[in-house]
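Enquirer: fold the following for me, if possible:
(4 chains)
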Number of protein chains: 2
Amino acid sequence: MEDICSDIFQENRSSIKIKKKRIGVKNLSNIFEATLKLSNKKGFKTMSLRDLCKETGLSMGALYSYFKNKDELLNIIQQKGRLMVEKVLRENIEDINDSKKKLETAIYSHLYLSEIMQPWFFFSYMETRHFHKDEHKKGIESELYTEQIFIDILEQGKKENIFFVENTVLTASVIKAMLQDWYLKHGKYIRRKIKVEEYASFIVKLILAYIAANPLNK
Amino acid sequence: MEDICSDIFQENRSSIKIKKKRIGVKNLSNIFEATLKLSNKKGFKTMSLRDLCKETGLSMGALYSYFKNKDELLNIIQQKGRLMVEKVLRENIEDINDSKKKLETAIYSHLYLSEIMQPWFFFSYMETRHFHKDEHKKGIESELYTEQIFIDILEQGKKENIFFVENTVLTASVIKAMLQDWYLKHGKYIRRKIKVEEYASFIVKLILAYIAANPLNK
DNA sequence: GTCTATAGTGCGATAGAC
DNA sequence: GTCTATCGCACTATAGAC
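Expert: The predicted structure is shown next:
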């Protein structure tokens, strides 16, 4: 979190009116956390900047030193979250050659990441449709990007005769749906004391039962 | 739709100021459709009653003849949608004894219903967390109600030694997640020309591959 | 670097004409 | 049964004091 906010501070130095790095990074971190918390409770549009003042302990004027308007606040949060997700997923799977191992790793990585960054994932899923043109498009592309990762892995396994899957696109879609359920209904899973490891291992077993069973052996 | 609006008109006669049934039902139907359309685009809270005026062609005064405030409009929509869903699901599966057939029917029924009532399902999923206390609670209960249907079917099949499933709750959770993906990302599936029949048959195959394979035979 | 005060906009809701 | 006009309130964003 510290690292991310430090990056954001550097990159958006032009639009951020704060000069001292220590104060800037601390307040940015505070603002992001508060924004995700409030938005996930009542929606980004419904969250007023006065709510954000109360939650952060900053005044209206101080907030506007960190972003030039409410929409820019949203853009910064989105931009940074997306970069983080794509980087982690790519790095975790790029060196794996074995299809089955790669599929497992992709599922585990996505779930662990969304466990750590749950508020951001939830925010992103729920708010994307409210974004204006450009951010809206990027949100959908980001979703398709991770879906494509799964399509590619399934296609690779299919070529190697390890996976037996009729429709890779549809299979990737439902894998994505199950991964998303983890952060969308996070409260439900916590209440039921289901840990992320258990959920991940379950998803892998379910998918492998479907694609790893050679129909010719039946 | 006509039938539902007719029912709503009868039940809420006290708070609806309109006397003539024909006009009342026609306008109610118009208002509901417009509310779902606008809310699903920008969120219920963000949709102003002035937006609703434009979309329905009615004036502010006219709108307020059909509900006493914005929250009541939401409650009426939710109440009726929930009743509809629970009724249809129950009626479709209650007379089926065969576990496998029952599971299939439940999946197909839910998907076909959410295909017809897609705007309502989407609305309900996205807005539940913004509801006040009582409606919020009912929304969550409704979600758990359909999940419980699947838990019960899985438990029944387990007892009969037809299904081999370790964790029925977790299995029901992901079934629900996949059913929800159909109406949450409806646009994506339409763009990819995936029909509801294909999706339903895919989900059934995927789940059966996991639970219908007796591990003792392996 | 952060504050308070306020301008300007748009909201939900109602009253009263037609 | 539907309309227009209007009220009071909360919002984003900014200007200027400290």
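Enquirer: for A:F44, what are its contacts?
Expert: With contact set as C-beta atoms under 8 Å, 6 or more residues apart in numbering or on different chains, A:F44 has these partners: A:T35, A:L74, A:F123, A:E127, A:H130. Placement of C-beta: from N, CA and C, glycine included.
Enquirer: wait, which of these is closest to A:Y210?
Expert: Using C-beta to C-beta, A:F123 is the member of those that lies nearest A:Y210, at 31.4 Å.
Enquirer: pretty sure that closest one is in contact with A:K42, am I right?
Expert: No - using C-beta atoms under 8 Å, A:F123 is not in contact with A:K42; the gap is 11.9 Å.
Enquirer: pLDDT of the helix or strand in which A:E155 is found, averaged?
Expert: Under the criterion of DSSP states H and E, A:E155 resides in helix A:133-159. Confidence over helix A:133-159 (mean pLDDT, whole number) is 96.
Enquirer: helices or strands up against whichever helix or strand comes after that helix?
Expert: Following helix A:133-159 in sequence order, the next helix or strand is helix A:168-184 (DSSP H and E). For helix A:168-184, the packing partners by 3 or more C-beta pairs under 8 Å, 6 or more residues apart in numbering or on different chains; DSSP states H and E come out as helix A:99-116, helix A:118-127, helix A:133-159, helix A:196-211, helix B:168-184, helix B:196-211.
Enquirer: 6 Å - rerun?
Expert: Applying 3 or more C-beta pairs under 6 Å, 6 or more residues apart in numbering or on different chains; DSSP states H and E, one finds that helix A:168-184 contacts helix A:99-116, helix A:118-127, helix A:133-159, helix B:168-184.
Enquirer: would you convert these into TSV that also reports mean neighbour count?
Expert: TSV is the format used below for these (neighbours: other C-beta atoms under 10 Å in any protein chain shown):
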stretch	mean neighbour count
helix A:99-116	19
helix A:118-127	20
helix A:133-159	16
helix B:168-184	21
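Enquirer: wait, which of these is closest to B:M60?
Expert: helix A:118-127 (28.9 Å).
Enquirer: render the CA-only coordinates of the closest one in CSV, please.
Expert: The C-alpha coordinates for helix A:118-127 follow below in CSV (Å, rounded to 0.1, in the frame of the first residue of the first chain):
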residue,chain,number,x,y,z
GLN,A,118,-10.6,-7.1,-1.8
PRO,A,119,-11.9,-3.5,-1.4
TRP,A,120,-10.3,-2.4,-4.7
PHE,A,121,-11.6,-5.5,-6.6
PHE,A,122,-15.1,-5.0,-5.2
PHE,A,123,-15.0,-1.3,-6.0
SER,A,124,-13.8,-1.9,-9.5
TYR,A,125,-16.5,-4.5,-10.3
MET,A,126,-19.3,-2.4,-8.9
GLU,A,127,-18.4,1.0,-10.2
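Enquirer: ok, and what's touching it?
Expert: Applying C-beta atoms under 6 Å, 6 or more residues apart in numbering or on different chains, the contact partners of helix A:118-127 are A:L36, A:S39, A:N40, A:F44, A:G81, A:S114, A:Y183, A:H186.
Enquirer: could you save the residues you listed as CSV and add columns showing secondary structure, pLDDT and distance to A:N161?
Expert: Below are these laid out as CSV (DSSP: H, G, I helix; E, B strand; the rest coil; pLDDT from 0 to 100; distance: C-beta to C-beta, whole Å):
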residue, secondary structure, pLDDT, distance to A:N161
A:L36, helix, 97, 44
A:S39, helix, 97, 46
A:N40, helix, 97, 44
A:F44, coil, 97, 47
A:G81, helix, 92, 38
A:S114, helix, 98, 32
A:Y183, helix, 98, 34
A:H186, helix, 98, 37
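Enquirer: what average pLDDT does stretch A:46-59 get?
Expert: Averaging pLDDT along stretch A:46-59 yields 97.
Enquirer: cool, stretch A:196-209 as well?
Expert: Mean predicted lDDT for stretch A:196-209 stands at 98.
Enquirer: list the buried residues in it.
Expert: Within stretch A:196-209, the residues that qualify as buried are A:V196, A:Y199, A:A200, A:F202, A:I203, A:V204, A:L206, A:I207, A:L208, A:A209, counting by 16 or more other C-beta atoms under 10 Å in any protein chain shown.
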